[in-house]
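*Asks:* A structural model of the following input is requested.
(chains A and B)
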Amino acid sequence: MYVATKGGERAIEAAHAWLAEERRGDPAVPELSVAQIREQMSLAVNRVMAEGSLHDPDLAALAIKQARGDLIEAIFLIRAYRTTLPRFGASVPVDTARMAIDRRISATFKDVPGGQVLGPTFDYSHRLLDFALMAEGAPPPAPTRDPETANTAAPAPHVLALLDRDGLMEPQTDGAETPPDLTRSPLEMPAERALRLQALARGDEGFILGLAYSTQRGYGRTHAFVGELRIGRCIVEMEIPELGFAVGIGEIELTECETVNQFTGSKTEPAQFTRGYGLVPGQSERKAIAMSLVDRALRWEELGEDNTGAPAQDAEFVLSHCDNIQATGFLEHIKLPHYVDFQSELELIRRLRREAVAAAPQSAAPAAHSAPAPSSSPAPSSPAKGEAAE
Amino acid sequence: MGLLARACPARLAALCPDLPPFDWLRPPEIGAVMVRGRMGATGAPFNLGEMSVTRCALRLEDGMVGHAYVQGRDRDHATRAAVLDALMQGPRAPDLDRAVLAPLRRDEAARLEARAARAAATKVEFFTMVRGED
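*Replies:* Alright, predicted model coming up:
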């Protein structure tokens, strides 16, 4: 627990002023504009929008600038801003089958209708520093090809629908047309899949990645294949209350990952493939793949699998710890004044030592003397700073 | 309305610089819309995350009412979209379709084609090599 303290206003003001100077860096170097961050740091912008849970590239770029590139701090700024916005409603669920495809690959079939499209990927780049980027200059234009002759013009069907058609895929389960919303009501366990997907979509990329990796290494193994990974733009439509029908209100970039997972069947189900699903705003395939692996691991119960005690199978563990703003808030709060708490601990340690010393002449083994912890800590003698208000 | 919402605000302002007089029914307001996805792309919906949206409603002098729900936080963009929504219900609709909406449609088509052409150039044909002994 921390306590309210008074004083330090001047120190805080000076700290803020210095922070602003450090943020700016060497004034001899041109200042970054928000538009430059938005256009040239777009994957950082995407991450801030996804985990900040608000799609607004300009604000995400501003947050990155303000946070000096600390993405979790930037996500915090976006989360704080989004709480100030009135909610106009919810969109019609985006139709990813109608996505304007930038990238679409399948690790399960090489010949998929519509083909495999690499898009602007790092996958086949050498991980060698490109010193040409230190020099200024426009890149050569990317080659183009007529989508009609390449056979990529039509909307690409989902790869998993092919398995679905043959009955080898678990059927989609129905759910409420109005899904639960963890930004409107507190997270309660057990959390249904819609709630878990919402939490994972806004969860920390690093945490979700680590959990997904743990399932690959055997902690809740699900044998995932990337059935399809697609990145592109989807139109967002919303039912307008004044009009009574849905209209397009914008367009967002999305990354979608569908995994195909081994499932040997259970008492009630024949052997079939099962699904893991990842959907993330922006171009963020690491997060989308990780999300689909963790989604699948969390589905052990509905699929009648064993709980192996793996962290990725534990919905309460995953959902309670995947939010980096909650995590960093609680983690970083321990640097705030804990003077009173600490005074009581200090008092306790001193008393235990006094008692041990006093008992030493009578007993040869003072260490065996297990002092019971007092049920109520002694009152602090004098807090170093600040008035106690615990 | 979708076309107006997706249009580049600067381009829309250039195509439609002067707005007729109108009364606000709801002045531009910035808020959020929860974007939903479907689990497994086709299953039950879930909440993905919000997007910023500006909305407004207005009435022209001839009584026509226009609405706008536009991605982002640009009040002018929402205002122009609502004015055009109202005008498109009146006698000037064919003129405006030619002067404003048709260029926006061409812009959007060009933007989509430019990306689609780059994507098409990265389409791969896989060859499975003969598997070696291992």
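
*Asks:* can I assume A:L229 is in contact with A:R103?
*Replies:* Yes: contact between A:L229 and A:R103 holds when scored by C-beta atoms under 8 Å: they sit 7.4 Å apart. The way it works is simple: take the backbone N, C-alpha and C, and place the C-beta from them, glycine included.

*Asks:* okay, these two: which has more neighbours?
*Replies:* A side-by-side neighbour count of A:L229 and A:R103, using other C-beta atoms under 10 Å in any protein chain shown, places A:L229 first with 23 against 20.

*Asks:* re the thing from before, can you pull the residues that touch both of A:L229 and A:R103?
*Replies:* A:E285 (C-beta atoms under 8 Å, 6 or more residues apart in numbering or on different chains).

*Asks:* Give me the domain ranges for chain A.
*Replies:* Per the record, chain A has its domains at A:9-82, A:96-134+A:145-331, by automatic domain parsing.

*Asks:* and the nearest residue to A:P311 once chain neighbours are set aside, which of the three is it?
*Replies:* Closest residue to A:P311 apart from its sequence neighbours, by C-beta to C-beta, 6 or more residues apart in numbering or on different chains: A:F317 at 5.5 Å. When classified by DSSP: H, G, I helix; E, B strand; the rest coil, A:F317 comes out as helix.

*Asks:* three-state assignment of the closest residue to A:A142 other than its chain neighbours?
*Replies:* Closest residue to A:A142 apart from its sequence neighbours, by C-beta to C-beta, 6+ apart: B:R118 at 5.0 Å. For B:R118, the assignment made with three-state DSSP gives helix.

*Asks:* B:R118: how many residues sit nearby?
*Replies:* Around B:R118 there are 19 residues (other C-beta under 10 Å).

*Asks:* SS state for the residue of the stretch 51-200 of chain A found nearest chain B?
*Replies:* Residue of the stretch 51-200 of chain A nearest chain B, by C-beta to the nearest C-beta: A:G175 (2.7 Å). Under three-state DSSP, A:G175 falls in the coil class.

*Asks:* which residues touch the residue lying closest to it once chain neighbours are set aside?
*Replies:* Nearest in space to A:G175, with sequence neighbours left out and distances taken as C-beta to C-beta, 6+ apart, is B:A44 at 2.7 Å. B:A44 makes contact with A:172-177, A:179, A:193-194, B:38, according to C-beta under 8 Å, 6+ apart.

*Asks:* Turn those residues into JSON lines, columns for pLDDT.
*Replies:* Converted to JSON lines, the contacts of B:A44 look like this (pLDDT from 0 to 100):
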{"residue": "A:Q172", "pLDDT": "79"}
{"residue": "A:T173", "pLDDT": "72"}
{"residue": "A:D174", "pLDDT": "71"}
{"residue": "A:G175", "pLDDT": "74"}
{"residue": "A:A176", "pLDDT": "77"}
{"residue": "A:E177", "pLDDT": "81"}
{"residue": "A:P179", "pLDDT": "92"}
{"residue": "A:R193", "pLDDT": "93"}
{"residue": "A:A194", "pLDDT": "93"}
{"residue": "B:R38", "pLDDT": "94"}
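
*Asks:* Dump these to a markdown table, plus distance to A:A17.
*Replies:* Shown next, in a markdown table, are these (distance: C-beta to C-beta, whole Å):
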| residue | distance to A:A17 |
| --- | --- |
| A:Q172 | 56 |
| A:T173 | 56 |
| A:D174 | 57 |
| A:G175 | 52 |
| A:A176 | 51 |
| A:E177 | 52 |
| A:P179 | 46 |
| A:R193 | 49 |
| A:A194 | 46 |
| B:R38 | 49 |
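
*Asks:* Of those residues, grab the buried ones for PyMOL.
*Replies:* A single PyMOL command is used to select the members of the contacts of B:A44 judged buried by 16 or more other C-beta atoms under 10 Å in any protein chain shown:
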select buried, (chain A and resi 172+175+179+193+194) or (chain B and resi 38)
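
*Asks:* May I see the buried residues of the one helix or strand A:L211 maps to?
*Replies:* Per DSSP states H and E: A:L211 is located in helix A:205-216. By 16+ other C-beta under 10 Å, the buried positions in helix A:205-216 come out as A:205, A:207-209, A:211-212, A:214-215.

*Asks:* Then stretch A:242-255?
*Replies:* Neighbour-count burial for stretch A:242-255, with 16+ other C-beta under 10 Å as criterion, is recorded at A:247-255.

*Asks:* Next, check those residues against the strands and list the overlap.
*Replies:* Judged by DSSP state E, strands contain the following of the buried residues of stretch A:242-255: A:247-255.

*Asks:* Out of those, which are close to chain B?
*Replies:* On the criterion C-beta under 8 Å from any C-beta of the partner chain, A:247-252, A:254 are the entries of these that sit beside chain B.
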